[in-house]
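Peer 1: Structure of the sequence below:
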Amino acid sequence: MTPTSSPFKPEPLWKVRVHLFLGAARRNWALFAESKIGLVGLGIIVLFLLMMAAHPILMSTVWEPRVYDPVRGFDPRLVGRHPAPPSWAHPLGTDPIGRDVLSQLMWSARSEFALGVTAAVISVVIGTIVGAVCAYFGGVVDMFFMRLADLEMLFPFIALLMVLQSVMPLTLIRLALLIGVLSGFGGITIILKSQALTVKVKPYIEAAKVAGGSSWQIIRRHIIPNIMPLSFLYMMFNVTGAIFTEAVLSFFGFLDIRMSWGIMINTAQESGYLGAFGQYWWLWAPAGGAITLLCFAFYLVGRGLDAVVNPRLRKR
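Peer 2: Prediction:
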C-alpha cells in the first residue's frame, strides 16, 4: 500500500444524501407518531384508499357491471321500487335512478383524491415559489404578488368558481387547476412568504451570497427547502378545502363530471327525496358522511404534521 493510498473509500454523494433523507424521515415519522390524532387521520385516509382500490376488483369479480356501474348501472329486479332501501344485494340501497349507492361511493373516492391532491400540490408549488421569491427580492415583486393575494382573498371563492363555470364547463381537471392556481396566489403565499423571511436573515444565506451564489441558487437550494415542511403542512389543509369546494359545486349542479359524492346528494335533491332525509337517509348520509370523514382525516393529518413543523408543539 502506498503512503498516499487510504483503506477507506468515500461513499458516493448520492448515498450520503439517501442516508440523510432516510434519517430525517425516521425522525419526522417518530415525531408524527407521537400525535395520536395524526395517526387516526392517516388510518382513515388509508381506509378510503382501500375502498377506492377495491371497487375495480369488485366490478371484475363479484358485481355485474350492468347492475353496479356507478354511472349507467340499473337493477331490473327492483323496477318500480327505486330508490330501494339497503339490502344484501345493495348494502347501501339504490338511488332514484336505480344505481347502487355503495358502488357510487367507492368509485367517487378516486375523483375526490385526484381533485384534492392535484389542487393542493398546484397551490403549494405556486405558493412556495412565489412566497420565496417575494421574501428574497422584496420591492416591486413583493408588492405585486401581495396585492394579487389580497385581491384574490377579497372574492368569495365558491362564488368566483360559479361565475367561471358560466364561461367554460368545469370538468374535474379544470376545477383542480382553478382551485390550485387561485389558492396558490392567495393566502398561502402570504403565509409562506412570512416563513421565508425568517430564513432569509439566517447567517448561511449571507454566507451563500459571499461565496458567489446567485439569487436563484440561494432561493432553490436554501430558502425553498427550509419552507417545504410548512408547505407540506398546508397542502394537507388545502386538500380538505378542495374536496369541500367540489362537493358544494356538485350539489348545485355546476360541475361537468360523471359522478362524485356531491352529485350523489344532488341526485337526491333533484328527485325530491332530500326533504325526507330521515326516510331516505341512504341517499345522502353515505355521501355526506364520506365528505365529512375524508376532510376530517386530512385535517387530523395536518394537525399531526404541525408537531413536526413546529418544535414548540413537540413533547419534551
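Peer 1: Where does pLDDT dip in the chain?
Peer 2: 1-10, 14, 16-17, 21, 310-316 (pLDDT under 70).
Peer 1: redo that, cut-off 50
Peer 2: The chain contains residues with pLDDT under 50 at 1, 316.
Peer 1: Break down it into its helices, ranges please.
Peer 2: 13-33, 36-61, 65-68, 101-137, 139-154, 157-167, 172-184, 187-200, 203-210, 215-218, 224-251, 261-270, 285-309 (DSSP state H).
Peer 1: mind putting the ones you listed in CSV, mean neighbour count included?
Peer 2: C-beta coordinates here come from the backbone N, C-alpha and C atoms, glycine included. Formatted as CSV, these follow (neighbours: other C-beta atoms under 10 Å):
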stretch, mean neighbour count
helix 13-33, 11
helix 36-61, 15
helix 65-68, 16
helix 101-137, 22
helix 139-154, 13
helix 157-167, 14
helix 172-184, 20
helix 187-200, 20
helix 203-210, 12
helix 215-218, 14
helix 224-251, 21
helix 261-270, 22
helix 285-309, 20
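Peer 1: would you turn those into TSV with distance to residue 86?
Peer 2: Shown next, in TSV, are the helices of the chain (distance: least, C-beta to C-beta, whole Å):
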stretch	distance to residue 86
helix 13-33	37
helix 36-61	17
helix 65-68	15
helix 101-137	8
helix 139-154	44
helix 157-167	32
helix 172-184	29
helix 187-200	42
helix 203-210	61
helix 215-218	59
helix 224-251	23
helix 261-270	15
helix 285-309	10
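Peer 1: so which of those helices comes closest to residue 91?
Peer 2: Of all the helices of the chain, helix 101-137 sits nearest to residue 91, with 5.3 Å by C-beta to C-beta.
Peer 1: chain center to that closest one, what's the gap?
Peer 2: 4 Å (C-alpha atoms, centre = their mean, to the nearest Å).
Peer 1: what do you get for stretch 130-138?
Peer 2: Here stretch 130-138 is found 25 Å from its chain centre; the criterion is C-alpha atoms, centre = their mean.
Peer 1: Can you name the residues in contact with it?
Peer 2: The contact list for stretch 130-138, computed with C-beta atoms under 8 Å, 6 or more residues apart in numbering, reads 141-142, 145-146, 184-185, 188-197, 199-200, 215, 218-219, 223-224, 227.
Peer 1: Mind checking the helices of the chain for the one nearest to residue 74?
Peer 2: helix 65-68 (6.9 Å).
Peer 1: residues in contact with the closest residue to residue 238 other than its chain neighbours?
Peer 2: Spatially, and ignoring its direct neighbours in sequence, residue 238 is nearest to residue 120 (3.9 Å; C-beta to C-beta, 6 or more residues apart in numbering). The contact partners of residue 120, taken as C-beta under 8 Å, 6+ apart, are 180, 235-236, 238-239, 242.
Peer 1: please redo it, this time with the cut-off set to 6 Å
Peer 2: Applying C-beta atoms under 6 Å, 6 or more residues apart in numbering, we find residue 120 in contact with 235, 238-239.
Peer 1: Tell me the one of these nearest residue 159?
Peer 2: residue 238 (18.9 Å).
Peer 1: I figured residue 256 hits residue 165, correct?
Peer 2: No. At 8.6 Å, residue 256 does not count as touching residue 165 under the criterion of C-beta atoms under 6 Å.
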